[in-house]
Every structure is written in C-alpha cells, then in structure tokens.
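Asks: Could you work out the structure for the sequence below:
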Amino acid sequence: MTNRGYRNVAITDLVLVALSTIVLSLNLLPKPEPQQEVIVQHADGKVARYALPVSHPEVVRIRCGEAAMPSTEELIARWQEEVSRFYAQDHRVAALAEKDSNLVQVSYRTTPVKQRKSTRSSEPIFSLGQRIEPPHPLRNFVIAGAAGISLAVLFAVWSVLFPARKLLHRQAKSTANPSSDPVSSGVLAIELPPQWVSLHQGIAVRLRQLCTFALVIVSLVVAGMSFWGLS
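Replies: This next block holds a predicted model:
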C-alpha cells in the first residue's frame, strides 16, 4: 500500500464549480426592469392592454389608487366655481354691493355639475394586470458562462498543483520479479489493511474542498430565494 498524490482532476467537482458560478453570476448581474401590464377599459367597452416599466409614473399612480388627471375644461370649471364661492362668502363684497347698486356680482360657474359627472364617468378606467419578468439578455449568459469556465479552469489548475493524497493497494504478482526484490532495492514493503492507516490531506486540498462546498451551498440558496421570489 502506497501513499501517492494523484494529479488527476475530478470532472464532477469541475461541473459543480462551473454550474454554481453560472447560477451566482446570473443572480448578481443586473436584469432588465420588470414590466407591469396596464389594462385600460374604455366607456364603449373596449379594453386595451400595454406594458410599462414598474417604476413608470403612470404605474405608480394606478398602484396608489389616485384618480386620473382631470381635463383642462374641468380644471377651469373647478377654478371658476371656487372663485364664485369665495366671493359669495366674503362679507366685504356683500357690504360693498349694498352700498353701490351698480356693483354686479359675476359668477364664473359656466359648466354644470351634472355635465362634469358625465364627463368623468366617460373617462377610461385603468387597472394593473400581471407583472412580467423579462428574461436575462444574451450578454448575461455569456458573462456567466465565461465566469463558470474560468473558475472551473482555476480549480483544475489548483487540483494539479496540489493533488489529493490517496492510498493505493498493490496487488500481488503471480510471477517473481528479481528486480522488485525489496532487499536488493533497499525498500521494505509492508502490506497493511486500509483501516489501519489514517491519511491527512494538505491545507491546500482542504481549502479547495471547503471552497467547492461553500460555492455549491451558496448557489443553491440563491437559486432557491430567486425561485420563491425572496431576493
């Protein structure tokens, strides 16, 4: 039984490192802004649908439940009504009207209330539909793939420079070989059961194993949070 450091690379470890790096890169790279579907229901029954970014002012206004911006005519009618009410409640205007019979109070209320209500009822109704998550652009996949391959190559070089130690069991040969005589070669070979031997790996090997384990666990957690919408 011999102690030997094998300079081979485990394909499974490299695949795990590459896939974990790709998952982390896709979650860290910026994605396009999500789109919000806006549904517009007109007075004639027609329904229009379009998508806007979630940070668009119109989407924010609909989400907050604010009323639509009144038209120019309605704003003018409101202003005229407020001015007329202000002067009607002012006692100085009433006293001046009693002193001077030539003073005529003017009312600016030209738009009836019923007409404004009918105008408002004819306005379209806005509501929000489903939220649309855009896919990753091709650039993100290229960057994530390059990062995964680069880190996998780095781990492969690390494995070659600092290989893991393994115990090899030599099988006995049926024919004697004079050149393999332990006395003539000066080496005494002793066969021991594997359970009697304790093999300790180097710090570089343990650190590589720890990095691989941490990378896989973090990628699984990030992927789970992204799938359940917790990120």
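
Asks: contacts and neighbour counts: CA atoms only from here.
Replies: OK.

Asks: contacting residues for residue 13?
Replies: residue 212 (Cα atoms under 8 Å, 6 or more residues apart in numbering).

Asks: go on, residue 26?
Replies: Here residue 26 is in contact with 136, 140-141, 144 (Cα under 8 Å, 6+ apart).

Asks: quick one: buried residues of the strand or helix carrying residue 146?
Replies: Element membership of residue 146 [criterion: DSSP states H and E] is helix 138-161. Residues of helix 138-161 classed as buried by neighbour count (16 or more other Cα atoms under 10 Å): 140-141, 144-149, 151-152, 155-156, 158-159.

Asks: re the thing from before, pick out the lowest-pLDDT one from the contacts of residue 26.
Replies: Among these, residue 136 carries the weakest pLDDT, at 87.

Asks: where's it relative to residue 19, distance?
Replies: Distance of residue 136 to residue 19, computed by Cα to Cα, to the nearest Å: 16 Å.

Asks: the more surrounded of these two?
Replies: Between residue 136 and residue 19, residue 19 has the larger neighbour count (other Cα atoms under 10 Å), namely 20 against 14.

Asks: what about that one, which helix or strand?
Replies: helix 11-28.

Asks: How about the secondary structure of residue 134?
Replies: Using DSSP: H, G, I helix; E, B strand; the rest coil, the structure places residue 134 in coil.

Asks: need the strands for this structure, in chain order.
Replies: 2-5, 35-41, 47-53, 125-132, 165-168 (DSSP state E).

Asks: isn't residue 134 right up against residue 35?
Replies: Yes. Counting by Cα atoms under 8 Å, residue 134 does reach residue 35; the two are 7.3 Å apart.

Asks: The two: who's more crowded?
Replies: residue 35 (19 against 11).

Asks: Verify the stated contact: that one with residue 54.
Replies: Yes. Under the criterion of Cα under 8 Å, residue 35 makes contact with residue 54 at 5.6 Å.

Asks: Please report how far residue 29 lies from residue 55.
Replies: In this view, residue 29 and residue 55 are 20 Å apart by Cα to Cα.

Asks: how about residue 20, what does it touch?
Replies: Neighbour list for residue 20: 148, 215-216, 219-220 [criterion: Cα under 8 Å, 6+ apart].

Asks: for residue 33, that is, sorry about that
Replies: 53-54, 133-134.

Asks: Recalculate using a threshold of 10 Å.
Replies: The neighbourhood of residue 33, defined by Cα atoms under 10 Å, 6 or more residues apart in numbering, consists of 52-55, 132-134.

Asks: Could I have the buried ones of those as ChimeraX selection syntax?
Replies: Selection of buried members from the contacts of residue 33 for ChimeraX, criterion 16+ other Cα under 10 Å:
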select :52,53,54
